[in-house]
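Enquirer: next come a sequence and a model predicted from it.
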Amino acid sequence: MPCEGEGVDTSDGSEARTRTRSGRQTLRFGLGIVIAAGAVWLVVSAAGGLGDAVAALRQTNPGWIAPAIAFEAVAYLLAAGRFRRLAGPDAELSLVEAAEITLVAHGLGLLAPAAPAEGIAFQYRELSHRGLDRRRIGLTIGFEQWFSTRVFYLVHAVNLLVIVATRDFPADTRWPILAAVLIFSLLASTAIAAARPRVAERIAMTIGALRFWRPRRSADDRRASGARLHGEAMAVVGPPRQRVRLMVLSVASLLADALCLWMLFFAVGIHDGLELALLSAGAAAAASSIPLLPGGLGAVEAAVPALLAWYGTPIATALSATLLYRAIGTFLPAAAGALSIPALRMSARSRQ
């Protein structure tokens, strides 16, 4: 047993834990690639083979590619604007730097083995280097997810009602209507609750009471902690006018991504409305979040063509649109994110 003040060498244990964690990530990544390859093979087989898919890609009208890339770039710029507003003036983020961080976190980070953890960690490091404290960073990243997630459900619930009202829906329409009403109710109730300090105080008191492994703080301390956290959270999102701007940026970013896919519909000869492109983009986003699959590889290539085929698009044509969308909406931002890392490092050195 070491004497008081004598150091303990924990390097071997740390290295072992690092190797174990790295091994798990590698295994997870490899398993995801195998699953993705199997899903792609199934879709290509359903499309009539790789030859039919390549033939459909060769018939692409290149005139629609540039607008698709432009809309995807706008989507990332709008998301960067939201991130910059949430980070606040203390972060001293230019729009270009915010866009670079967004490309790394949500572009390159989407394809990382443990996504989205790597992207969040990168955002944390960048904001930390700019002098923001841990709580402010956590609130910034948390509210970025808060706005993007809420807008995702809000826009797609509205779009679902539009599709039910204007198109032949290939299922019982009662369920999407009930789902939309439930989403609207949850969004409204959580927004009202989040604006009330008393709700934050009650949550803080409940969490403090459940943490039995630590000395329990008094009820007044827990209540004060909840009120303080709520005040800091409201300082991040700002007054109602600022929250409206954040919502508008989030909605516009989501719609710009859907417009990217819509342009690609025209490129491959799919003449459907924006509502179907928005529905397909939502399916792609949901499939991208499936565990084990980096960026939803394989799952997106299976889900989007299946959805489009449901509405009468040939599988080969639907797959060609999906592959183009993946190239522009997933791999191009990832490449831009990889190129942004050296630029951000140079910017960090210039601030020192």
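Expert: Thanks, I have the structure now.
Enquirer: just the helices from the protein, written as ranges.
Expert: All helices of the chain, identified by DSSP state H, fall at 11-46, 50-58, 65-87, 95-102, 117-129, 134-166, 174-194, 197-210, 219-237, 240-268, 274-288, 299-310, 315-326, 332-351.
Enquirer: so which of the ones you listed gets nearest Leu111?
Expert: helix 332-351 (5.2 Å; Cβ to Cβ). All C-beta atoms are positioned from the backbone trio N, CA, C, and that covers glycine.
Enquirer: buried stuff in that closest one?
Expert: Within helix 332-351, the residues scored as buried using 16 or more other Cβ atoms under 10 Å are 332-334, 336-337, 340, 344, 347.
Enquirer: just name the most buried of the helices of the chain.
Expert: Across the helices of the chain, the average number of neighbours (mean count of other Cβ atoms under 10 Å) peaks for helix 315-326, which reaches a mean of 25.
Enquirer: for that one, name the packing helices and strands.
Expert: Under the contact definition 3 or more Cβ pairs under 8 Å, 6 or more residues apart in numbering; DSSP states H and E, helix 315-326 sits against helix 11-46, helix 50-58, helix 65-87, helix 240-268, helix 274-288, helix 299-310.
Enquirer: please produce JSON lines containing the helices of the chain, extended by distance to Leu108 and mean pLDDT.
Expert: Below are the helices of the chain laid out as JSON lines (distance: least, Cβ to Cβ, whole Å; pLDDT from 0 to 100):
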{"stretch": "helix 11-46", "distance to Leu108": "15", "mean pLDDT": "59"}
{"stretch": "helix 50-58", "distance to Leu108": "25", "mean pLDDT": "72"}
{"stretch": "helix 65-87", "distance to Leu108": "12", "mean pLDDT": "97"}
{"stretch": "helix 95-102", "distance to Leu108": "10", "mean pLDDT": "95"}
{"stretch": "helix 117-129", "distance to Leu108": "8", "mean pLDDT": "92"}
{"stretch": "helix 134-166", "distance to Leu108": "16", "mean pLDDT": "95"}
{"stretch": "helix 174-194", "distance to Leu108": "30", "mean pLDDT": "93"}
{"stretch": "helix 197-210", "distance to Leu108": "34", "mean pLDDT": "83"}
{"stretch": "helix 219-237", "distance to Leu108": "25", "mean pLDDT": "89"}
{"stretch": "helix 240-268", "distance to Leu108": "17", "mean pLDDT": "96"}
{"stretch": "helix 274-288", "distance to Leu108": "14", "mean pLDDT": "94"}
{"stretch": "helix 299-310", "distance to Leu108": "17", "mean pLDDT": "88"}
{"stretch": "helix 315-326", "distance to Leu108": "15", "mean pLDDT": "91"}
{"stretch": "helix 332-351", "distance to Leu108": "3", "mean pLDDT": "89"}
